[in-house]
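Trainee: Structure for the following, please:
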Amino acid sequence: MAGPSSLRLWFQLRAVPRLGDAGLCRLMETFGSPEAVLQASLDSLQAGGSISRAVAQAIQQGPDRETQEAIDRELELLERLRISVVTYLDAAYPARLKTIADPPPLLYLSGALEEKDRHAVAIVGARRATAAGRLVTEHLSRDLAEAGFTVVSGLARGVDAAAHRGALAAQGRTVAVLGCGIDRTYPPEHRTLRQQIEAQGAVLSEFPLGAYPHAYHFPRRNRIISGLSLGVMVTEAALQSGSLITARLAAEQGREVFAVPGFVQAENSRGPNGLIKQGAKLVETVADVIEELLPQLDVPFRERLQARCPKQAEDRPQLEEAERRLHDALSFEPMPIDDLIACTGLPAAEVAGLLLAMELKGAVRQLSGRSYIRT
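Mentor: As a prediction, the model looks like this:
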């Protein structure tokens, strides 16, 4: 990772008006360091970065006093908060992210990136996810993490939070990409979740310290989520949603697109169902994801996955006959206990006792309002 003096030069170049991320990355690929960029001639800068003469002149002129003071403040804050910055030229910069059309020149980092994070799958979806959507997301994320994949998402409410929690529950790795400065937590109620992610993975942002979570930040954030990953899975999403932007970006970046089907009249199912119509891989279990990704994986990881590829029949809770009757009556849509009693014809006390036993076995989950879903 870049030291303070080199990082100062990166910040100086990032502040050049109209240079942009793509132009900065092109310059770094051509000249190999920010020092070399600042020492280059006007003609070399224009040719090496495909930039205008005015931008090349701005690079040579350097930042004004106000910009320099802002850079000084940011460097001091980075040191105080112990936040790292990974540059486009660092060995720690994610190799897969480098292949997208507009990779971020700088990544602010808390936690740690590891080599194993190259085996990453993103899971995204609705902020107002249903209980069933959150549950399915947690299960798929947990199974992916247990298989050795890093789960990438955006720390948002709903599906994103469930994706992170599923990976954490499996003691696996997870990466959160923020749409604000890394010194902020958005949404603020996910502060504890963020701390857990930092302990078991990484939190990333391309935005400078202090950057507010503006709406226009999130489409840019989404290209990093997909860019880090082998594929993107959408579990629940409306037709007009940021999750579908992430899926579109994934397709443009040459990543796989996965979707979990849902009830045809449910608003949150329209997004993934629409993706399936367009050719996304339909996902019922994590085996569907693994099957699609196997050709892209290195041989040792692929062989390990093939040896332990989950089967749908594995790890099912062992239920008694009466419990199985209740379980079959439930679905991934919440059902009030009164409806369950009416549906099965069993006495209320017996149903309550069976549900408690099944919850302890992990076969059902109780939601608010004394409603239940199968797991």
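Trainee: Any buried residues in the lowest-mean-pLDDT helix or strand in the chain, and which?
Mentor: In the chain, no helix or strand scores lower on mean pLDDT, DSSP states H and E than helix 299-308, which sits at a mean of 81. If you call a residue buried by 16 or more other C-beta atoms under 10 Å, then helix 299-308 has these buried ones: F301, L305. In this view, the C-beta of every residue, glycine as well, is placed from N, C-alpha and C.
Trainee: Point out where this structure drops to low pLDDT.
Mentor: 1-4, 308-316, 332 (pLDDT under 70).
Trainee: Can you give me every residue that contacts the residue nearest the centre of it?
Mentor: The centroid of the chain falls nearest to S153 when counting by C-alpha atoms, centre = their mean (1.7 Å). By C-beta atoms under 8 Å, 6 or more residues apart in numbering, the residues touching S153 are A122, I123, V124, V159, D160, A163, H164, T174, V175, A176, V177, I225.
Trainee: Recalculate using a threshold of 10 Å.
Mentor: S153 makes contacts with 121-125, 137, 141, 159-167, 174-177, 197, 225, 229, 232-233, 246, as judged by C-beta atoms under 10 Å, 6 or more residues apart in numbering.
Trainee: Kindly provide the distance from it to L282.
Mentor: Look at S153 and L282: by C-beta to C-beta, to the nearest Å, they are 20 Å apart.
Trainee: Can you check my assumption that Y93 lies in a strand?
Mentor: No - per DSSP: H, G, I helix; E, B strand; the rest coil, Y93 lies outside any strand segment and is coil.
Trainee: Can you tell me the closest non-neighbouring residue to it?
Mentor: Distance criterion C-beta to C-beta, 6 or more residues apart in numbering; nearest residue to Y93, sequence neighbours excluded, is V86 at 5.2 Å.
Trainee: these two touch, right, that neighbour and S110?
Mentor: No - assessed by C-beta atoms under 10 Å, V86 is found out of contact with S110, at 11.4 Å.
Trainee: okay, and the common contacts of these two?
Mentor: By C-beta under 10 Å, 6+ apart, the residues touching both V86 and S110 are A202, L204.
Trainee: List the contacts of S205.
Mentor: By C-beta under 10 Å, 6+ apart, the residues touching S205 are 83, 104, 106-110, 176-184, 211, 217, 221, 224.
Trainee: hmm, back to that, which positions in the next helix-or-strand element following the least confident helix or strand of the chain come out as buried?
Mentor: Using DSSP states H and E, the next helix or strand after helix 299-308 towards the C-terminus is helix 321-329. For helix 321-329, a neighbour-count test (16+ other C-beta under 10 Å) marks A322, E323, L326, H327, A329 as buried.
Trainee: just the CA coordinates of stretch 360-374, formatted as PDB?
Mentor: The C-alpha coordinates for stretch 360-374 follow below in PDB (Å, rounded to 0.1, in the frame of the first residue of the first chain):
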ATOM      1  CA  LEU A 360     -35.300 -25.800  18.000                       C
ATOM      2  CA  LYS A 361     -34.400 -28.200  15.100                       C
ATOM      3  CA  GLY A 362     -34.000 -25.200  12.700                       C
ATOM      4  CA  ALA A 363     -37.000 -26.300  10.600                       C
ATOM      5  CA  VAL A 364     -39.100 -23.200  11.100                       C
ATOM      6  CA  ARG A 365     -38.600 -19.600  12.200                       C
ATOM      7  CA  GLN A 366     -41.000 -17.500  14.100                       C
ATOM      8  CA  LEU A 367     -41.600 -13.900  12.900                       C
ATOM      9  CA  SER A 368     -43.400 -11.000  14.500                       C
ATOM     10  CA  GLY A 369     -47.200 -11.400  15.000                       C
ATOM     11  CA  ARG A 370     -46.900 -15.100  15.800                       C
ATOM     12  CA  SER A 371     -46.300 -15.900  12.200                       C
ATOM     13  CA  TYR A 372     -44.000 -18.800  10.900                       C
ATOM     14  CA  ILE A 373     -42.100 -19.700   7.800                       C
ATOM     15  CA  ARG A 374     -40.300 -22.900   6.900                       C
END
